[in-house]
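Undergrad: Give me the fold of what follows.
(2 chains)
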Amino acid sequence: MFGIGAQQWADSWAGLRAIAPLMPGSALFGLAFGALVRVAGVDPWAGNFASVSVVAGASQIAIVEAIRTGAPAAIAVITALVINARFALYSAALAPVYAAFPLRWRLGLAHLMTDQSAVVSLERAADWPDPVRRRWFILGGALPFVAVWVVGSAAGIALGPVIPDAWQIGFIVPLMFLAVMVPGLRSAPALTAVAVATIVVVAARGLPFGLNVLAGALAGIAVGSFVPERRAATAGPVPDDGLAHDQGAGE
Amino acid sequence: MRAFLIFLAAGIGTYAIRISGVMLLGDGRELPERVTRALRLVGPAAMAAIIANSLLLDEGQWRALGAWHAAALVAVGVALWRRSSGWTMLAGALTFAALLLAGL
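TA: Now for the predicted structure:
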C-alpha cells in the first residue's frame, strides 16, 4: 500500500503499538488546547495551524495565554521557545539513534519529535539495530502520535464554543501541568527550580503581558542549576527531563 | 493573521531546537554538562511558572481562594502518592467538578 513494503508496515505497526498507551493523554490535551483557543478568542484556523506547525502543547497554551492578555508577539514567541528548549535535550540524546538515517528522514522525524515519542525511541532503539527498520519503527509511533494531537485539538476547537462558561474549563491548564510535573519531581535542583519559578511568577504579577511567566521560568532554571544533585543521574538512555511520561501524560 | 505569524515563528524556532542535536551532535560529541543540567530544569521551571500564573493568579491579581486551590491540592496529593499523571488528572478533575456542583 502507498508503495511501502510489508516489512515497513510491520515495523511501523510495532512503533504504533509501543506508543499507543500514551495516545489518550495526547487526545485529551489536544481537546483542552482546542477549547482554550476558543475561550481566548484566537482564530480557529490559527489554532489548528499551531498544532501542525509548533507540535508542542505546553508552548501552544502559553502562546494562547499571551495573545489573550494582549502581549507583544515577541514575548509570546520567546516564552514558547524557552518552554520548548527541553527538546534540545532529546535532540542531543537522539543524535546517535538517527545517525545512520538519510538526511530527509532526520529532518522529517525531528518535526515529529514529542516528549513521548522521543522517550519511546530512546528506550527501544537498541531493539532495532538495522537503521532502515529502526526509522520505520520510529515513524510508525511518532506520526500517529502527532496525528492524534492534531485531531484532538481540532475537535477541541470545534467543540469549544459549546462548552458552558460555568465549567471553568481554564482549570485544565494548571491541572494538566500539575499532572505532568509533580509525579516526576524528585531531584533537589528541580524542586528548587519549581519553588523559585513559583515565587517569581507571583512576586512579579504586576508585570504586563505575561512577562512574569517568562521571568519565573528563567529564574527557576538559573537558580536551580546552581543546586548540586545528590548523586549521579540515572544512567539510562533517556535524559531525565524531570517530567512524568506514563499513560495519560499529556504535555 | 497576527496569531498565525506568532505560531509560525514559534514553529520555526521550535523546529530549529528539535534538529539542533540531531544535526550538530552524534559521533561521540555531547552537550556540555552545564548545558545539560540547565536544560533538565526547563520542564519543571516552565511548568511551575505556568501553574503559578494560571492557578494562584487571575488576570494578574490573586485568585480568590476556592475550588481551584482545593482541587489543585487534591491533585498534588494524588500525584505525590501515586506518581501517575493519569490518576492526578482524574482526581483533580473529579474534585473540581464536585466542588463546582456543590456551588463553591
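Undergrad: can we go C-alpha only for contacts and neighbour counts from here?
TA: Will do.
Undergrad: Quick one: residues contacting residue 19.
TA: Looking at chain A here, since you left the chain open. A:Gln116, A:Ser117, A:Val120, A:Gly141, A:Phe145 (C-alpha atoms under 8 Å, 6 or more residues apart in numbering or on different chains).
Undergrad: oops, chain B please
TA: The neighbourhood of B:Ile19, defined by C-alpha under 8 Å, 6+ apart, consists of A:Ala88, A:Ser91, A:Arg106, A:Leu107, A:Ala110, A:His111.
Undergrad: SS state for the first one?
TA: Three states are possible here, and by DSSP: H, G, I helix; E, B strand; the rest coil the one that applies to A:Ala88 is helix.
Undergrad: I'd guessed it sits against B:Tyr15; true?
TA: No: using C-alpha atoms under 8 Å, A:Ala88 makes no contact with B:Tyr15, being 10.1 Å away.
Undergrad: before we move on, back to that, I'd like to know which of the contacts of B:Ile19 are buried.
TA: Using 16 or more other C-alpha atoms under 10 Å in any protein chain shown as the burial test, those include A:Ala88, A:Ser91, A:Arg106, A:Leu107, A:Ala110, A:His111 as buried.
Undergrad: Also near chain B: which of the contacts of B:Ile19, exactly?
TA: Checking the contacts of B:Ile19 against chain B by C-alpha under 8 Å from any C-alpha of the partner chain, the ones in range are A:Ala88, A:Ser91, A:Arg106, A:Leu107, A:Ala110, A:His111.
Undergrad: isn't the second one right up against B:Ala16?
TA: No: with contact defined as C-alpha under 8 Å, A:Ser91 does not reach B:Ala16; the gap is 10.3 Å.
Undergrad: residue ranges with poor pLDDT in the stretch 151-251 of chain A?
TA: Applying pLDDT under 70 to the stretch 151-251 of chain A flags residues A:231-238, A:240, A:242, A:244-251.
Undergrad: got the residue ranges for the helices in it?
TA: For the stretch 151-251 of chain A, applying DSSP state H, counting those that start in this stretch gives helices covering A:172-181, A:188-203, A:211-224.
Undergrad: do chain B as well
TA: With DSSP state H as the criterion, chain B has helices at B:2-24, B:33-40, B:42-51, B:67-82, B:85-101.
Undergrad: Could you give the separation of the shortest one from the chain centroid?
TA: The reference is to helix B:33-40. 19 Å (C-alpha atoms, centre = their mean, to the nearest Å).
Undergrad: which outside residues touch that helix?
TA: Around helix B:33-40, the neighbours that count as contacts under C-alpha under 8 Å, 6+ apart are A:Ala85, A:Arg86, A:Ala88, A:Leu89, A:Ile221, A:Ala222, A:Gly224, A:Ser225, A:Asp240, A:Asp241, A:Gly242.
Undergrad: wait, what's in contact with the first one?
TA: By that I understand A:Ala85. Here A:Ala85 is in contact with B:Thr14, B:Ile17, B:Leu39, B:Val42 (C-alpha under 8 Å, 6+ apart).
Undergrad: farthest-separated two in the contacts of A:Ile19?
TA: Greatest spatial distance in the contacts of A:Ile19: A:Val120 and A:Phe145, 11.4 Å, computed using C-alpha to C-alpha.
Undergrad: okay, the two: which has more neighbours?
TA: Per other C-alpha atoms under 10 Å in any protein chain shown, whichever of A:Val120 and A:Phe145 has more neighbours is A:Phe145, with 24 against 19.
Undergrad: ok, now how distant is that one from chain B?
TA: Counting by C-alpha to the nearest C-alpha, to the nearest Å, the separation of A:Phe145 from chain B is 16 Å.
Undergrad: What is the nearest of the buried ones among the contacts of B:Ile19 to A:Ile163?
TA: Distances from A:Ile163 to the buried ones among the contacts of B:Ile19, taken as C-alpha to C-alpha, are shortest for A:His111 (31.7 Å).
Undergrad: Now do the contacts for the residue nearest to the closest one when sequence neighbours are not counted.
TA: Taking C-alpha to C-alpha, 6 or more residues apart in numbering or on different chains, and ignoring the residues beside it in sequence, A:His111 has B:Tyr15 as its nearest neighbour in space, at 6.1 Å. By C-alpha under 8 Å, 6+ apart, the contact set of B:Tyr15 is A:Val54, A:Ala110, A:His111.
Undergrad: Where helices are concerned, which of the residues you listed count?
TA: Among the contacts of B:Tyr15, DSSP H puts A:Ala110, A:His111 in helices.
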